[in-house]
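Engineer: got a sequence here, can you build the structure:
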Amino acid sequence: MTATINELKNIVGPKHVLTSDAETYGYRKGFRFGNGKVAAVVIPGSLVELWRVSKLAVAAGWIILMQASNTGLTGGSTPDGDDYDRPILLISTRRMKGIQLLDNGKQVVCLPGADLYELEDILAPLEREPHSVIGSSCIGASVLGGVSNNSGGALVQRGPAYTEMALYGQVDSHGVLHLVNHLGITFKGLDEPEAVLEALEQGHYAPEDICWDAGRAHDDDYVNRIRQVEENTPARYNADPDRLFEASGNAGKLIVFAVRLDTFPAAKDTKVFYIGTNKTKTLETIRRVLLTKFEELPIAGEYMHRDVFGVADRYGRDTVALIRFLGTKYLPLMFRLKARMDQFTQKVSWLPDALSDHLMQFAGSFLPSQVPPRMRAYHKRFEHHLMVRVSGTLAEQLRPWLKEFFAGGRTIQGDFFECTTQEGKLAFLHRFAAAGAGNRYTAVHKKTTGGMLALDIALRRNDWEWFERLPQEVDETLVLKLYYGHFLCHVMHQDYVVKPGIDPMDVEMRLMWPLLDKRGARYPAEHNVGHLYHASEDMAAHYRSLDPCNCMNPGIGRQTKRKNWLAESV
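Structural biologist: The predicted structure is shown next:
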């Protein structure tokens, strides 16, 4: 093992090979779930270095675990315990930045370390947007991580991250690493993998080297699926077999060097309508009208329950203020600093766990509410809240329809208002802050809670009973139930804080999963199976076809961790 680590240092430099528990902690500990030992963490600085590192690890018979931003919620890019049968090399891609524009930005080629903020930033002057944007996805999330996990987002018209064009390394059944170029770009006269990778990284290819019909660069059928509101299946979920294609949904079973993706015209002159009601049927009726009545789809439609509204206002207002006054540019840095502080507190016994959360919550307590007065008034009046962002064109059609609909009186039990520009911005920031509010609550109330479990579920498109009603045996284990989500596609996020002494994983697996199965829901919907959920047969077959030796991220989807997919009992 020492010889292999020394060779790794020769490839990337000693300071980019981490071996001590303290050095590797921030990489091997998942954002919310997962932890385990690794032989080393390596941080290559170029595609050629990544190829050489991967080739060395494969030759040594080590497990390779690829990691982008480590923002996943199910432990999909971290080790899961210490029961692996081979040493683990965790490869962080964060240094390998790079985004290349094709056809004036209508498409992009993204290298492993490219994150969503960088992609948004480079596309903004061109008045274009990526598949997902900050606020519809995790802070600091990587582009390749989204594709690898078929991740979703809040943007109604774009569906899960998907492409059929990628450049990747694949280990065959004989344990040999091959470079596969399905990127739709030809590198003339270059056959050796290192030459191809260097040419790609330097952008050494001409317009005539680009094939424009090499494959789909986004899930272009999604806009049709989401409109089919009478279908008895979800609109999108990670295990959808029609969205598993090579790098798309590979979950770390490939070494992805680059993906090619479509971009989209940036929405202009948008309007936000804020809707409140005490009847779930009212929101479902609006959802179906928004998806079927108008020629144009909304841009986003986000749901919040009254309880998560209040928790987000108290435990997420610092996040809203940070984005409001600094923008999203510095958020990845802030979250990296937060992770380093939490890592430091692990080494000092007298400091509380999650010190950063305690400090941020203390600072946030001096801030006024970031929620506009009209929204706070709706919080008092209504249990269910829906915010809908639409284009100016659709707003002209939706405005009179909503007025007529809510004139229905007692049968509707709701109301709406059209947000000002500032109100619309704060409404969606408040919804974004809800995603971390449960985590913050649990961190600062550690002595009075037993932890948190987080579910993201895809409901059937025809499900009128979308709001969860828990049986008493489940409800009595909980301190908080926090419901929010991407309402128009029926993808819901459900966070539960359990009572002290109760194991959240036991509640999830033993109590929650059977309830979801009974409802016909699919889960996870957009954060992938990681090491938490069982992969479906379609997913497991996809993984085996990509990685026949099971040397890339073994154990994902609760599959075997053993070499060549041997049964655990062997």
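Engineer: after the lowest-mean-pLDDT helix or strand in the chain comes which helix or strand?
Structural biologist: Using mean pLDDT, DSSP states H and E, helix 331-347 stands out as the lowest-scoring helix or strand of the chain, at a mean of 72. Later in the chain than helix 331-347, the nearest helix or strand by DSSP states H and E is helix 355-364.
Engineer: packing partners of that next one?
Structural biologist: With contacts taken as 3 or more C-beta pairs under 8 Å, 6 or more residues apart in numbering; DSSP states H and E, helix 355-364 sits against helix 317-326, helix 331-347, helix 421-444. Just so you know, the C-beta spots here come from the backbone N, C-alpha and C atoms, and that holds for glycine as well.
Engineer: model confidence over the helix or strand hosting residue 400, on average?
Structural biologist: Following DSSP H and E, one finds residue 400 within helix 392-406. Per-region confidence: helix 392-406 scores 96 on mean pLDDT.
Engineer: can you pull out the residues in contact with that helix?
Structural biologist: 268-271, 273, 275, 285-286, 289-290, 293-294, 296, 298, 388, 390, 412, 414-416, 418 (C-beta atoms under 8 Å, 6 or more residues apart in numbering).
Engineer: contacts only, for residue 267.
Structural biologist: Contacts of residue 267 by C-beta under 8 Å, 6+ apart are 129, 299, 389, 391.
Engineer: what's next to stretch 301-309, contact-wise?
Structural biologist: Stretch 301-309 has contacts (C-beta under 8 Å, 6+ apart) with 154, 156, 283, 287, 290, 312, 371, 379, 382-389, 428, 430-431, 434, 437-438, 480-488, 492, 495.
Engineer: same deal with stretch 227-234?
Structural biologist: By C-beta under 8 Å, 6+ apart, the list of residues contacting stretch 227-234 reads 225, 235, 287-288, 291-292, 297, 458-462, 490-491, 520-522, 525.
Engineer: how about a cut-off of 10 Å?
Structural biologist: The set of residues external to stretch 227-234 that reach it, using C-beta atoms under 10 Å, 6 or more residues apart in numbering, is 225, 235, 240, 284, 287-292, 297, 457-463, 488-491, 520-523, 525.
Engineer: and that stretch, how far out from the chain middle?
Structural biologist: Remark: stretch 227-234 is offset 23 Å from the chain centroid, using C-alpha atoms, centre = their mean, to the nearest Å.
Engineer: can you give me the helices for the stretch 101-250 of the chain?
Structural biologist: Here the stretch 101-250 of the chain has its helices, by DSSP state H, counting those that start in this stretch, at 116-123, 143-148, 193-202, 222-225.
Engineer: which of those sits closest to residue 50?
Structural biologist: helix 193-202 (7.8 Å; C-beta to C-beta).
Engineer: shaky segments in the stretch 301-450 of the chain?
Structural biologist: 328-332, 335-336, 346-347, 410 (pLDDT under 70).
Engineer: also the chain?
Structural biologist: Confidence mapping of the chain against pLDDT under 70 gives the ranges 31-32, 134-140, 328-332, 335-336, 346-347, 410, 569-570.
Engineer: which ones are touching residue 564?
Structural biologist: 173, 175, 548, 549, 550, 551.
Engineer: now do residue 538
Structural biologist: 239, 240, 241, 242, 244, 249.
Engineer: how deep is the fourth one tucked in, by neighbour count?
Structural biologist: Other residues lying near residue 242 total 10 when counted by other C-beta atoms under 10 Å.
Engineer: for the third one, same thing?
Structural biologist: For residue 241, the count of nearby residues is 13 (other C-beta under 10 Å).
Engineer: my read: it touches residue 537, true?
Structural biologist: Yes - with contact defined as C-beta atoms under 10 Å, residue 241 reaches residue 537; the gap is 9.1 Å.
Engineer: out of the contacts of residue 564, which is nearest to residue 44?
Structural biologist: residue 551 (18.0 Å).
Engineer: now do the closest one against residue 65, distance only.
Structural biologist: 10 Å (C-beta to C-beta, to the nearest Å).
Engineer: which one's more surrounded, these two?
Structural biologist: More crowded of residue 551 and residue 65, by other C-beta under 10 Å: residue 65, with 28 against 20.
Engineer: what's the closest residue in space to residue 248 that isn't next to it in sequence in contact with, if anything?
Structural biologist: With C-beta to C-beta, 6 or more residues apart in numbering as the criterion, residue 248 has its nearest non-adjacent residue at 4.9 Å, and that residue is residue 162. With contacts defined as C-beta under 10 Å, 6+ apart, residue 162 is in contact with 131, 146-147, 150-151, 216-222, 236, 240, 242-245, 247-249, 259, 261-262.
Engineer: what's the PyMOL line that selects buried ones from the residues you listed?
Structural biologist: This is the PyMOL syntax for the buried subset of the contacts of residue 162, where burial follows 16 or more other C-beta atoms under 10 Å:
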select buried, resi 131+146+147+150+151+217+218+219+222+236+240+243+244+245+247+248+249+259+261+262
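Engineer: mind listing which of the contacts of residue 162 are in strands?
Structural biologist: 259, 261, 262 (DSSP state E).
Engineer: my read: the last one touches residue 106, true?
Structural biologist: What it means is residue 262. Yes - between residue 262 and residue 106 there is a contact at 7.1 Å, judged by C-beta under 10 Å.
Engineer: show me whatever sits in contact with both of the two.
Structural biologist: 128, 217.
Engineer: just to revisit the earlier point, out of the contacts of stretch 227-234, which are inside helices?
Structural biologist: If you go by DSSP state H, those have 225, 284, 287, 288, 289, 290, 291, 292 in helices.
Engineer: and those, which are buried?
Structural biologist: Buried, going by 16+ other C-beta under 10 Å: 225, 284, 287, 288, 290, 291, out of the ones in helices among the contacts of stretch 227-234.
Engineer: make CSV from these and add distance to residue 476 to it.
Structural biologist: Below are these laid out as CSV (distance: C-beta to C-beta, whole Å):
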residue, distance to residue 476
225, 38
284, 28
287, 31
288, 34
290, 37
291, 37
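Engineer: and the furthest pair within those residues?
Structural biologist: 225 and 284 (17.8 Å).
Engineer: Throw the ones in helices among the contacts of stretch 227-234 into TSV and include distance to residue 2, thanks.
Structural biologist: Compiled in TSV, the ones in helices among the contacts of stretch 227-234 are given as follows (distance: C-beta to C-beta, whole Å):
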residue	distance to residue 2
225	53
284	61
287	59
288	63
289	66
290	61
291	59
292	64
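Engineer: kindly indicate which of the contacts of residue 267 lies nearest residue 36.
Structural biologist: Nearest to residue 36, judged by C-beta to C-beta, of the contacts of residue 267 is residue 129 at 36.8 Å.
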